[in-house]
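Attaching a predicted model along with its sequence, questions to come.
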Amino acid sequence: MKDDYQELVDEISALLGVPATLENRDFGLIAFGAHDSEDDTAMDPVRTRSILTRKSTPAVRAWFEGFGITRATEPVRIPAAPDAGVFRGRICLPVRHRGTVLGYVWLLDDSDPGPGASRLAAAMEVTSRIGDLLADEVRAGADLARELRAVLTAEPGWQRDMALGALRAALGPSADGPHVVLCVAPWRGEEPRVRAVPGTAALCTLPYGAVAGVRPATVPAAGRPDGSSTGATTGRVSGRVSGSGNGSVSGPGNGPGEADTLALLVRLRSPDALAPVLAAVARLREDAGPGAAAGSCAPRRGLAELPAAWREAVSAARASVAQPRFGPVAQWTSIGPYRLLTALPTEPDPVIRPLLDPVHTELAHTAEVFLDHAGQAGRTASALGIHRQTLYYRLSRIEQLTGLELDDGEDRLLLHMALKATRL
C-alpha cells in the first residue's frame, strides 16, 4: 500500500510541477516526492524536519491548522512565515473521504500566480483516490485492533483460541512470520496510526487492568526503599505501569479510564531486526508524555504465544520504571532478575512492611545497598558514605524490624527481592 501512496504523490508532483508530500491528519509523513533542485531555499526547516523525523511538531501543526485546512474542501494557499521556520509558501490539498479529512498533500510553491485552476482540480481528483486508500486503511486498522484486543483480554480456553484464529485469519500468511509485541503505558488520547511504527501489523489500546480479567494492582502508600515517593496516596501507582506479571496494568491515582495501555504487534524481517522498531517505539513513548514506560517481548514466530509475549512486554515496561538503565524501551531479554521480580505479587511481602514506613527510609535504602554489594560491609559503607560501625548498627535495626537474619542466604534473598519489587 505504501507504493500506492508514493505513486499518487508522484502523480500530483508531475501534474503541478512542484515537489509534494503526503501526511495523515496527525501530520505523520506517509510519502514524499523527490526534490531535484540544488537551491538550498527549495527546502525549509519545517519540510526538512517532517521528512527526517516523519512527523511535525504540535506547534507547526497548530500553525497550519489555523488556516482552516481541517475544514477545507478546496486547495488552501499558505504564505511563507520565516519566523515560524516556513521559508516557502505552500499549497495544501486536503485529503477527504465522505466529508472527513484524513490527510493533507503539501506543495512547496510560492510562485505567482502558481498552478492553474484546472491543474489543481486534477490534483484534487488524485487526492480523492488517496482518501479512498486512507479510509480502507483506517477500516482495516480498526478491525485488526478489535481482533488484537480480543486476544489480549480473553481468558485462556476456547474464547482465546477463537480470538487467535480470527486475528490469524485477518493477518493472512504474515501471521506465521517473526513478530514482536510492545507495550507503551500510560497512553492518553487516540490510538496512533498503524504507520507510527514500521511493520506494525496491529495495535490497540487497553484500559488499565483489562487484560485477562485482572484487576488493577495496588501498592501501599509508603515510599520506596531509596526514599522516593510512589505517588500512591490513593492506593495506585500514579500513571505508571504496574501489575502482577500476568499482563495487567494499573492506572493513575484518579482511577481507570483516564489513560490506557498501548499494545503493538509488529512484523519483523528477522528476529534480530529490532533496532528500527525500538527507535520508533521510543518516539511513541516520548509522545505519550512524562512518566510513560515502554517494553518489548522476546521476538517470536507466529501468534500461538501472543498472550505470553504481551506479559513479557508489560513486565519489561514495568522494569524500565524501576531501572531507567534498561533504556527508553526495555527488552524482556535484557532485564535480568526483573523477569522474576515482575511476576511477584504486587502487594509487598509482609516481612518488609516495617521498612516501608517513611520513618525507616534510611534503613530500607541501607538494606538494599548492602544486598546490592553482596553483603560486603566495606563496600557498602563506602557506597553509603558512613562508618562501618554505623552500618552494623543499621543492619541490626533492620534485623529487629524484619525478623530476618542477614547472615542467612534465604533471608537475604527474600529481603532483596522484596525491596526490588517495591520499585515496580
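Perfect, I can see it now. Because the structure is predicted, anything quoted here is derived from the model rather than measured. Residues are numbered from 1 along each chain as shown.

can we go C-alpha only for contacts and neighbour counts from here?
Fine.

So what does the residue lying closest to Ser174 once chain neighbours are set aside look like in phi/psi?
Nearest residue to Ser174 in three dimensions, chain neighbours excluded: Arg267, at 7.9 Å (Cα to Cα, 6 or more residues apart in numbering). Dihedral angles of Arg267 (phi, psi; degrees, to the nearest 10) stand at phi -70, psi 150.

Arg267 is in contact with Asp176, isn't it?
No. Assessed by Cα atoms under 8 Å, Arg267 is found out of contact with Asp176, at 9.9 Å.

Tell me where the model's unsure across the stretch 51-200 of the chain.
Applying pLDDT under 70 to the stretch 51-200 of the chain flags residues 51-56, 84-85, 110, 112, 138-142, 194-195.

quick one: the helices in it?
With DSSP state H, counting those that start in this stretch as the criterion, the stretch 51-200 of the chain has helices at 58-65, 117-153, 158-171.

In JSON lines, list those helices along with distance to Gly375 and mean neighbour count.
Shown next, in JSON lines, are the helices of the stretch 51-200 of the chain (distance: least, Cα to Cα, whole Å; neighbours: other Cα atoms under 10 Å):
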{"stretch": "helix 58-65", "distance to Gly375": "51", "mean neighbour count": "12"}
{"stretch": "helix 117-153", "distance to Gly375": "42", "mean neighbour count": "18"}
{"stretch": "helix 158-171", "distance to Gly375": "46", "mean neighbour count": "17"}
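
Which one of those helices lies nearest to Glu7?
Closest approach to Glu7 among those (Cα to Cα): helix 117-153, 10.1 Å.

the inter-axis angle of that closest one versus helix 158-171?
150 degrees (axes from the mean of the first three to the mean of the last three Cα atoms, to 10 degrees).

Return the distance of helix 117-153 from the chain's centre.
Remark: helix 117-153 is offset 23 Å from the chain centroid, using Cα atoms, centre = their mean, to the nearest Å.

what do you get for stretch 306-315?
Stretch 306-315 sits 14 Å away from the centroid of its parent chain (Cα atoms, centre = their mean).

what residues are up against the spatially most central residue of the chain?
Centroid check for the chain by Cα atoms, centre = their mean gives Val184 as the closest residue, at 3.3 Å. By Cα atoms under 8 Å, 6 or more residues apart in numbering, the contact set of Val184 is Thr261, Leu262, Ala263, Val281, Leu284, Arg285, Ala288, Ala292, Ala293, Ala294, Gly295, Ala317.

Next step: the residues you listed restricted to strands.
Within those, residues falling in strands by DSSP state E are Thr261, Leu262, Ala263, Ala293, Ala294, Gly295.

of all those, which comes closest to Asp161?
Nearest to Asp161, judged by Cα to Cα, of those is Ala263 at 19.1 Å.

Ignoring the adjacent residues along the chain, who's closest to that closest one?
In space, and not counting its chain neighbours, Ala263 is closest to Cys183: 4.9 Å by Cα to Cα, 6+ apart.

where exactly do the strands run in the stretch 251-400 of the chain?
Listed in chain order, the strands of the stretch 251-400 of the chain (DSSP state E, counting those that start in this stretch) span 260-267, 293-296, 300-301, 330-331.

tell me how far the third one is from the chain's mean position?
For strand 300-301, the distance from its own C-alpha centre to the chain's C-alpha centre is 21 Å (Cα atoms, centre = their mean).

other SSEs contacting it?
Helices and strands touching strand 300-301, by 3 or more Cα pairs under 8 Å, 6 or more residues apart in numbering; DSSP states H and E, are strand 178-187.

Past the strand it packs on, which element shows up next along the chain?
Counting by DSSP states H and E, the next helix or strand C-terminal to strand 178-187 is strand 200-207.

Tell me the buried residues in that following strand?
Neighbour-count burial for strand 200-207 flags Thr200, Ala201, Ala202, Leu203, Cys204, Thr205, Leu206, Pro207 (criterion: 16 or more other Cα atoms under 10 Å).

Kindly state the beta-bridge partners for the third one.
Spelled out, that is Ala202. Residues in a beta bridge with Ala202, per DSSP bridges, are Leu265.

from here on, count from 14
Noted, 14 is the first residue going forward, which turns the last one into Ala215.

thought it was touching Val164?
No. Taking contacts as Cα under 8 Å, Ala215 lies outside contact range of Val164: 11.7 Å.
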